[in-house]
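Q: predicted model, plus sequence, below.
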Amino acid sequence: MKSWSSVVIPQLNSSIKFPQISLTNSKTLKKELVAKKDTYRMYVCGITPYDATHLGHAATYLTFDLINRYLRATGSDVFYVQNITDIDDPLLERATRDNLNWEDLAHSQIDLFRGDMQKLRVIPPAHYIGAVEAIDLVSQAVTALQAAGTIYSIDQDLFFKNYSSPDFGSLSHLDKESMKEIFSQRGGNPTLAGKTDPLDCLVWMAKRENEPGWESIHGVGRPGWHIECTAIALKYLEPLDSDATCIDIQGGGSDLIFPHHEMCASQAQVLTGKDLAATYVHAAMIGLDGEKMSKSKGNLVFVSKLIASGTDPMVIRFALMSQHYRLDRMWTEELLMRATKRVSDIRKAFSTSSVAPTTAVIEKLIGALSDDLDTATALAALDQWAADTLSGSSGGDAQELSVALDALLGLKL
């Protein structure tokens with residue numbers, strides 16, 4: 001599937017020093033240094049395209065864009081892959097509700113998503129893979145899991161035994177009853193008759209009446225959710241036999257920790273004998289005016305609608321970065337207005353004939369980002385620089401700072 005257009009990243013001064021980045025690993029619940037490598041393999045779970053990009057999506061993809069930018073700035077390459085779940089129950093249900101063709105609905109929302117990512121200046125993935133185009137990959141992965149004795153059928157559907165991995169449960173840190181409850185809320189069916197274990201997950205769904213299906217060695221049907229990402233990550237990120245884990249970073253929103261990432265990891269462990277990722281990174285949730293933002297509540301704020309109403313994409317990006325990625329936080333009109341004012345002050349500072357010293361502020365930006373993406377501290381340092389400039393301080397290099405903001409924070413001001 002076509003990704004969005006490349007984002008130009010300016011080159012930073014070669015004399016700038018970059019400490020190793022530390023990120024909070026959801027598996028260990030600790031902030032850990034990310035090992036220095038020439039090439040990093042990063043997989044971030046994409047959207048199910050039945051709604052345009054909302055602010056929760058945007059916050060997640062900005063988080064991994066910051067990681068991508070920082071690692072590239074250190075001189076490393078980042079091999080980045082993202083999926084898109086372009087066939088799934090929620091998509092079919094929305095298409096039926098709105099009397100739309102499910103493919104037309106998916107394509108329209110994917111186009112909106114591409115446009116939103118482009119306007120927010122998110123670096124595109126090297127491979128942007130839809131579930132539909134990964135049918136053969138999924139079929140091959142299910143066959144390999146069958147050979148390992150970890151697949152069984154209920155009617156014509158195929159299920160994976162998650163406890164085949166001795167590590168199952170170590171990512172989410174949940175007890176089994178909690179897992180069952182969350183699984184039932186997020187697409188699973190722990191009470192289904194015939195299951196070996198309530199937490200076993202669907203990997204191949206036989207075709208239902210009036211639903212699409214694809215030919216495979218397992219019959220006509222479609223992929224389960226979790227195996228889709230496992231198969232895509234293991235194919236397109238080309239894991240090295242010499243590495244201790246399949247990939248370096250797996251990411252997404254915190255709502256994906258369980259069941260999605262837990263079950264992807266269990267499948268990968270059976271398929272490869274390795275943990276899926278060295279570091280699991282998860283962005284927190286975005287709410288609206290004191291309430292959880294969700295499709296069921298109908299209170300989603302869409303990036304495309306904000307931009308269409310005249311909101312500067314760089315203000316949206318700034319606002320979403322103004323608090324730490326691991327904090328559940330609220331989107332409010334006040335937050336947007338505050339971000340608008342902050343961006344305006346920074347632009348005014350750049351428009352002056354001389355600016356406050358810039359070397360120290362760039363060092364603060366880098367130091368904050370290397371410390372688990374502390375964007376709040378980074379942007380506060382930028383605010384102070386703007387205030388100093390507008391108060392008459394001089395001696396800095398505006399172009400040098402502008403390049404750093406673009407390269408590291410994705411802010412083109």
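A: That came through, no problem.
Q: please count neighbours and contacts with C-alpha atoms only from this point.
A: OK.
Q: can you map out the strands along the stretch 301-413 of the chain?
A: Using DSSP state E, counting those that start in this stretch, the strands of the stretch 301-413 of the chain run over residues 329-331.
Q: now swap in the stretch 101-250 of the chain and tell me
A: All strands of the stretch 101-250 of the chain, identified by DSSP E, counting those that start in this stretch, fall at 127-130, 151-154, 157-160, 201-206, 221-223, 247-253.
Q: now those as a markdown table including mean neighbour count?
A: Formatted as a markdown table, the strands of the stretch 101-250 of the chain follow (neighbours: other Cα atoms under 10 Å):
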| stretch | mean neighbour count |
| --- | --- |
| strand 127-130 | 20 |
| strand 151-154 | 17 |
| strand 157-160 | 22 |
| strand 201-206 | 23 |
| strand 221-223 | 25 |
| strand 247-253 | 24 |
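Q: got these as JSON lines, with mean pLDDT and distance to Val303 columns?
A: Shown next, in JSON lines, are the strands of the stretch 101-250 of the chain (pLDDT from 0 to 100; distance: least, Cα to Cα, whole Å):
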{"stretch": "strand 127-130", "mean pLDDT": "98", "distance to Val303": "20"}
{"stretch": "strand 151-154", "mean pLDDT": "98", "distance to Val303": "41"}
{"stretch": "strand 157-160", "mean pLDDT": "98", "distance to Val303": "37"}
{"stretch": "strand 201-206", "mean pLDDT": "98", "distance to Val303": "32"}
{"stretch": "strand 221-223", "mean pLDDT": "97", "distance to Val303": "29"}
{"stretch": "strand 247-253", "mean pLDDT": "97", "distance to Val303": "17"}
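Q: tell me which of those sits nearest to Ala380.
A: Go through those one by one with Cα to Cα and the one that ends up closest to Ala380 is strand 247-253, at 24.9 Å.
Q: so which other helices or strands are in contact with the following helix or strand past the closest one?
A: Proceeding N to C from strand 247-253, the next assigned helix or strand is helix 262-272, under DSSP states H and E. Helices and strands touching helix 262-272, as assessed by 3 or more Cα pairs under 8 Å, 6 or more residues apart in numbering; DSSP states H and E, comprise helix 135-147, helix 225-236.
Q: which ones are touching Pro239?
A: Pro239 makes contact with 41, 246-247, according to Cα atoms under 8 Å, 6 or more residues apart in numbering.
Q: let's see 10 Å
A: The neighbourhood of Pro239, defined by Cα atoms under 10 Å, 6 or more residues apart in numbering, consists of 41, 233, 245-248, 272, 276.
Q: Tyr70: which of the strands of the stretch 101-250 of the chain is closest?
A: Each of those was checked against Tyr70 via Cα to Cα, and the shortest separation belongs to strand 247-253, namely 13.6 Å.
Q: which secondary structure elements does the closest one contact?
A: Here strand 247-253 is seen to pack against strand 39-44, helix 55-73, strand 77-84, helix 225-236, strand 277-283 when contacts are counted using 3 or more Cα pairs under 10 Å, 6 or more residues apart in numbering; DSSP states H and E.
Q: lowest-confidence helix or strand of the chain?
A: One helix or strand of the chain scores below all others by mean pLDDT, DSSP states H and E: strand 291-292, with a mean of 74.
Q: centre-most residue in this structure?
A: When the chain is reduced to its mean C-alpha position, the nearest residue by Cα atoms, centre = their mean turns out to be Gly252, at 3.6 Å.
Q: domain ranges for this protein?
A: The chain breaks down into these structural domains: 22-283, 288-409 (assignment by automatic domain parsing).
Q: could you dump those into TSV and include distance to Gln11?
A: Supplementary listing: the domains of the chain in TSV, determined by distance: least, Cα to Cα, whole Å:
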stretch	distance to Gln11
domain 22-283	8
domain 288-409	7
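Q: let me know which of the helices and strands packed on helix 262-272 is tucked in deepest.
A: Here the criterion is mean neighbour count by mean count of other Cα atoms under 10 Å, and of the helices and strands packed on helix 262-272 the winner is helix 225-236, at a mean of 23.
Q: now that helix - C-alpha only, PDB.
A: Included here for helix 225-236 are C-alpha records, laid out as PDB according to Å, rounded to 0.1, in the frame of the first residue of the first chain:
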ATOM      1  CA  TRP A 225      -6.200  -9.100  14.300                       C
ATOM      2  CA  HIS A 226      -3.100 -10.100  16.300                       C
ATOM      3  CA  ILE A 227      -1.500 -12.400  13.700                       C
ATOM      4  CA  GLU A 228      -1.700  -9.700  11.100                       C
ATOM      5  CA  CYS A 229       0.800  -7.500  12.900                       C
ATOM      6  CA  THR A 230       3.000 -10.400  13.900                       C
ATOM      7  CA  ALA A 231       3.300 -11.600  10.300                       C
ATOM      8  CA  ILE A 232       3.900  -8.200   8.800                       C
ATOM      9  CA  ALA A 233       6.500  -7.200  11.400                       C
ATOM     10  CA  LEU A 234       8.500 -10.500  10.900                       C
ATOM     11  CA  LYS A 235       8.400 -10.200   7.200                       C
ATOM     12  CA  TYR A 236       8.900  -6.600   6.400                       C
END
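Q: thank you, goodbye.
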